[in-house]
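> Sequence and predicted structure below; questions after.
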Amino acid sequence: MRRVGCREADEGMYADDTHELWGSREWVAREAPVLFALFAEFGLEVHVKQPGQTDPSKSVVLFYPKPARCYADKETFDGVDLTDIDIGNGQSVTVVEEAKYLGSYATRAGNDLRDVEARIDKASQAFGALKHCLFKRKDVSIEAKRGVYNGLVLAILLFGAEHWCLTAKMVQMLRAFHHRSVRTMCRINMHHTMLNHVSTSTLLNRLGIQTIETYIARRQLRWLGHVWRMPTTRMPKRLLTAWLPQKRPVGRPELTFGHTVVRTVRVVEEIGGFVGPTAALAAATAATAAAAASKAVGTAAEAIRSAGATPREAQQLSVTGCLAQATAAAEATAEAKAVTAAAAAAAASAPRPRRHAPRKREVQYICHQRLRADGSKETQTSSDEESEAEVEEEEEESDDGFCDRTTAPVPKWEVLGE
């Protein structure tokens, strides 16, 4: 909250743009005139649909339905009235299917597909305006193309990507535009790519540009790091750690921002972190802690209910106490990982029992030198494995008049060299 003059206004209110939440159509018809009268006291005028006006009003109402599985008739949402809302004096507010607020689109479907399509259209217009004068020029350096593309085109393409809940279809649309732009800056088309088997990673390395998933993850984790460092009184921090004591409907939950953040953190952990600034790694750590906090909320709420607290007290305490639960869970997990790592290191460093192979018996080679009667020498080499009987037999068979015999050990390498 911040004080404006002698009144207090919520931090989500702006001088020229206001986003309010109501629970039903009757609530809007009852509270909207009161809100417009309050704005008039400050000299502000809300643009509504006047009597006889055919164009829709600038101030619109967007109906957010429940999941489609909660309705018997999904086309009409079980007969919900979607006509213009009468606020008195013949004035009305138009009910629309999509609304643009602060540069981003909010749709009745509750996803970010319309916003992604609008961002791709805007980025295509900016890229096409500079295509022939910059991106396809031969005399323009790669550094200049990369700088303009990162600073202008990607800034337009990923505006608001910090809060996107991206499905596989949306990621493929962004990836297709990114790869098409890269091929244009390298002055090749799809035919050349398929004919010469040029991979997209080769073109990215040539330009020094990262994948579109890397740019999206950096933006999301950087913003999440800012939110994580906010005090608990700020609205973004309260919304990200909030919990509703309501049972979920049957079926898989809708894709949320928390699911997207957890998936991004897992991808970053698998690749070992970003090559860029270390702030992205700190944001990844904060996102992991936020995921642990969201998991600890249910346990804290159950403990509060068992203690006899009311659902509202359980909700408030779970919002403020989930951080302590997450910290305790993170410390326990870190301690378990440390013990496991120490045991693995000890097992790896322990000496393994050596198996002693039977030692081979060394062979001693003997050199026999004999002198003939004419003074010449004859050398004969043998090993100690030869039996004495064979040596004696050889001596008896030779009657050439040997008069003397000397023995001397011969080095092993000399014998093997022969």
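Here it is on my side, so go on.
> Break this structure into its domains for me.
As given by automatic domain parsing, the domain ranges for the chain are 2-96, 113-247+254-328.
> Turn those domains into JSON lines, including mean neighbour count.
Where C-beta positions appear, they are placed from N, C-alpha and C, glycine not excepted. Listed next are the domains of the chain as JSON lines, based on neighbours: other CB atoms under 10 Å:
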{"stretch": "domain 2-96", "mean neighbour count": "13"}
{"stretch": "domain 113-247+254-328", "mean neighbour count": "16"}
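> ok, then the element right after the one helix or strand residue 40 maps to?
Using DSSP states H and E, the secondary-structure element containing residue 40 is helix 25-41. Scanning forward in sequence from helix 25-41 by DSSP H and E, the next helix or strand is strand 60-62.
> Pairing partners for that next one, with directions?
Within its sheet, and counting by DSSP bridges, strand 60-62 is paired with strand 91-96 (parallel).
> can you state the direction angle for the partner strand and helix 25-41?
Using axes from the mean of the first three to the mean of the last three CA atoms, to 10 degrees, one finds that strand 91-96 and helix 25-41 are set 120 degrees apart in direction.
> what are the ranges of the strands in the stretch 51-200 of the chain?
60-62, 85-88, 91-96, 98-101, 104-107 (DSSP state E, counting those that start in this stretch).
> Would you mind putting those into a markdown table with mean pLDDT alongside?
As requested, the strands of the stretch 51-200 of the chain are exported to a markdown table (pLDDT from 0 to 100):
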| stretch | mean pLDDT |
| --- | --- |
| strand 60-62 | 89 |
| strand 85-88 | 85 |
| strand 91-96 | 88 |
| strand 98-101 | 86 |
| strand 104-107 | 88 |
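> Just give the nearest non-adjacent residue to residue 45, would you?
residue 39 (7.3 Å; CB to CB, 6 or more residues apart in numbering).
> repeat for residue 83
Using CB to CB, 6+ apart and skipping the chain neighbours, the partner closest in space to residue 83 is residue 95 (6.6 Å).
> same deal with residue 81?
Nearest one to residue 81, counting by CB to CB, 6+ apart, is residue 25 at 6.1 Å.
> Same question for residue 250.
Spatial nearest neighbour of residue 250, chain neighbours left out: residue 69 (7.4 Å); criterion: CB to CB, 6+ apart.
> And that neighbour, how far from residue 248?
11 Å (CB to CB, to the nearest Å).
> swap in residue 32?
Applying CB to CB to residue 32 and residue 248 gives a distance of 31 Å.
> of the domains of the chain, which approaches residue 102 most closely?
domain 2-96 (6.4 Å; CB to CB).
> Quick one: residues contacting residue 204.
Residues counted as contacts of residue 204 (CB atoms under 8 Å, 6 or more residues apart in numbering) are 182, 210, 211.
> ok, 6 Å please
With CB atoms under 6 Å, 6 or more residues apart in numbering as the criterion, no residue contacts residue 204.
> That one belongs to a helix, doesn't it?
Yes: using DSSP: H, G, I helix; E, B strand; the rest coil, the assignment for residue 204 is a helix.
> Local confidence estimate at it?
Listed pLDDT for residue 204 reads 92.
> Please tell me how far it sits from residue 76.
Distance of residue 204 to residue 76, given as CB to CB: 48 Å.
> now swap in residue 267 and tell me
In this structure, residue 267 and residue 76 are 40 Å apart, going by CB to CB.
> Over to residue 143?
Distance, residue 143 to residue 76, by CB to CB: 56 Å.
> go on, residue 39?
As judged by CB to CB, residue 39 and residue 76 stand 33 Å apart.
> again with residue 139
As judged by CB to CB, residue 139 and residue 76 stand 60 Å apart.
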